[in-house]
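Participant: What shape does this take:
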Amino acid sequence: MSQSAAAHQERTTPREAPAPKTGAQIVWEALVREGVDVVFGYPGGAIMPTYDALPGYPVRHVLVRHEQGAAHMADGYARASGRVGVCIATSGPGATNLVTGIATAMLDSSPMVCITGQVSSTALGTDAFQEVDITGITLPITKHSYLVTRAEEVGPTLREAFALARSGRPGPVLVDITKDAQQGRAVFDGEAPPLRLPRRPPLRAAHGDLARAAALIDAAERPLILAGQGVVKAEASELLRAFVEKTGIPVASTLLGLGGFPASHPLSLGMMGMHGEAWVNTSLQESDLLIALGMRFDDRVTGKLQTFAVHAKKIHAEIDPSEINKNVKVDVALPGNLKTTLEQLLPAVQPRARAQWVERISALRSEASGRDVQSIPDNGRLLAPHVLHDLWKLTEGKALVVTDVGQHQMWEAQYYKHERPRSLLTSGGLGTMGFALPAAMGARFARPRDEIWVIAGDGGFQMTNCELTTCAQEGLKINIAIINNGYLGMVRQWQEFFYNRRYVATPLRSPDFVLLAQAHGLTGLRVTRRDEIPAAVERARADPGTVVIDFRVEQEEAVYPMVPANADLRDMIRRPALEVDP
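Facilitator: Sure thing, here's the model as predicted:
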């Protein structure tokens, strides 16, 4: 048969229909099609068909010790990579144990797909063993929650879930699959597009609004840029830098925005808000124009809304239109992808130096430097800010740092200077203790060559330290710095400042963290003096496995400055200028 005849026969001969697959197989087929190479999970009865179908698929499964850890790992993977993280759990308690991690991802806009098993469709609503309405529970903390009851729905729903998780403002999506849907059979069409996603044109700032924004920027004498996590999510850091260098406008960052603009840049001011730098908060209140980029004006940034930057006009560029004018009324709204907005705005603004404004901020910074803990000698004590500062120096600021929540989180933000996007992963909106260790484990799979440090308090670390065994089992390399002050530190600080030092339920007894690490087959170290830090850090970096360092720091050190809840940003509690121990 000639080559042309063979080709004609191939075109005209009907192809054999693909063989049906089980819903469980379709789960893995769909994940592989989405480029998923690792999932974090814990098996159980209602998800067993899916686990049984896993062998043979090129997906690594990481067996966690608690489902909350699986959700945080998927979240950490997503934050570190920009891709969708995936976690999996069974019905009932397995599914509900994901809830804290799902809420954490929702508030911080992390793209995740969470797959849960569910009792068979015939048993729904009967209070069957391990039945819980997880789609109802997670409705307020996901972009969408799906209940899948038929095998033919598994593939299209997962495709839609991934598309939804990564589109617009990213976030978590839950797919709950009944056991009979996993066991049933259907044909999987891996090329079919998502079925139900609305076909909306992407949001874009109107030309007239861009012109109005450019005019406000050109006219401003004391402008500030407020850079949020949206800069990182949109991969707009280089554009932001070009915009800053053209306009001469200083940049203040939110907690989640740190790293979106390099800390070493002359126009980088540092973090704003409740525990932001004093000169940043004062500058913010003195500004005549705020340019908010990919941030949502939450209460930890604004303080008392009625007194927040009352003399400043405001421009808000944000991908989620529901955030615009929600907390702070603005003069110009620029909805849409931040990278696109900056691409359009950059050629429309005029070059300026704004030397007087920069000099004013420099004077404020100089006044505050005498209150910086780095100017205080340690005198043999181990202060937490010294630990974070020295770690920054020893790692040359190049590590990927994952923090838990509390005082250590704020000290890290103040003293570890971030130069690049996605170099700080932390729980912002929900403030989830226990986040750091599992999130760092997820980040390890996303960034296998990076140096990764966990910064955790003694309280938060104990919430998820069961995952140390997962580190050992998976052979992960993570360095863990426990800032151990014997208290629930941030709660204790509030008790010190606002509750007359009544330390109720905050003194904290912990296990010996060195022995705990050793019990998991890992290396544990202890540091009690500042001069011991370099050797401990070097030993941890050289060890091929996970290392836990117990930093025994001063117990009653506070994070300064601090803006009390619902107070004016100027009403900061400052470190006493003469607080130097003999």
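Participant: Ala542: neighbouring residues, count only.
Facilitator: Ala542: 8 surrounding residues under other CB atoms under 10 Å. Backbone N, C-alpha and C define where each C-beta goes, glycine included.
Participant: Pull out the CA atoms of stretch 74-88 and give them to me as PDB.
Facilitator: The C-alpha trace of stretch 74-88 is given here as PDB (Å, rounded to 0.1, in the frame of the first residue of the first chain):
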ATOM      1  CA  ALA A  74      -0.300  22.300  49.300                       C
ATOM      2  CA  ASP A  75      -0.500  26.000  50.200                       C
ATOM      3  CA  GLY A  76       3.200  26.300  50.700                       C
ATOM      4  CA  TYR A  77       3.800  24.600  47.400                       C
ATOM      5  CA  ALA A  78       1.500  27.000  45.600                       C
ATOM      6  CA  ARG A  79       3.000  30.100  47.200                       C
ATOM      7  CA  ALA A  80       6.600  29.000  46.400                       C
ATOM      8  CA  SER A  81       5.900  28.000  42.800                       C
ATOM      9  CA  GLY A  82       2.900  30.000  41.600                       C
ATOM     10  CA  ARG A  83       1.300  26.700  40.600                       C
ATOM     11  CA  VAL A  84      -1.800  25.000  42.000                       C
ATOM     12  CA  GLY A  85      -1.100  22.900  45.100                       C
ATOM     13  CA  VAL A  86      -3.100  19.700  45.700                       C
ATOM     14  CA  CYS A  87      -4.100  18.000  48.900                       C
ATOM     15  CA  ILE A  88      -6.300  14.900  49.400                       C
END
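Participant: quick one: average confidence on it?
Facilitator: The average pLDDT within stretch 74-88 is 98.
Participant: Then stretch 504-511?
Facilitator: pLDDT averaged over stretch 504-511 gives 97.
Participant: Trp453: what secondary structure?
Facilitator: Here Trp453 is strand, with the state taken from DSSP: H, G, I helix; E, B strand; the rest coil.
Participant: so who does it touch?
Facilitator: By CB atoms under 8 Å, 6 or more residues apart in numbering, the residues touching Trp453 are 391, 395, 399-402, 440, 478-481.
Participant: so of the residues you listed, which ones are in helices?
Facilitator: Among the contacts of Trp453, DSSP state H puts 391, 440 in helices.
Participant: for the contacts of Trp453, which one is nearest Val514?
Facilitator: Closest approach to Val514 among these (CB to CB): Ile480, at 11.6 Å.
Participant: For the stretch 351-500 of the chain, which residues score under the pLDDT cut-off?
Facilitator: 370-376 (pLDDT under 70).
Participant: do the stretch 101-250 of the chain as well
Facilitator: Residues of the stretch 101-250 of the chain that meet the criterion pLDDT under 70 lie in 193-200.
Participant: Strands of that one, residue ranges please.
Facilitator: 112-118, 144-148, 172-178, 185-186, 223-227 (DSSP state E, counting those that start in this stretch).
Participant: ok, and for stretch 23-33, which residues are buried?
Facilitator: 23-31 (16 or more other CB atoms under 10 Å).
Participant: State the mean pLDDT of that stretch.
Facilitator: pLDDT averaged over stretch 23-33 gives 98.
Participant: Could you list the domains of this structure?
Facilitator: 18-186, 207-365, 373-552 (automatic domain parsing).
Participant: Would you format the strands of the stretch 101-250 of the chain as JSON lines with distance to Val64 and mean neighbour count included?
Facilitator: Below are the strands of the stretch 101-250 of the chain laid out as JSON lines (distance: least, CB to CB, whole Å; neighbours: other CB atoms under 10 Å):
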{"stretch": "strand 112-118", "distance to Val64": "13", "mean neighbour count": "29"}
{"stretch": "strand 144-148", "distance to Val64": "21", "mean neighbour count": "21"}
{"stretch": "strand 172-178", "distance to Val64": "17", "mean neighbour count": "28"}
{"stretch": "strand 185-186", "distance to Val64": "30", "mean neighbour count": "16"}
{"stretch": "strand 223-227", "distance to Val64": "34", "mean neighbour count": "26"}
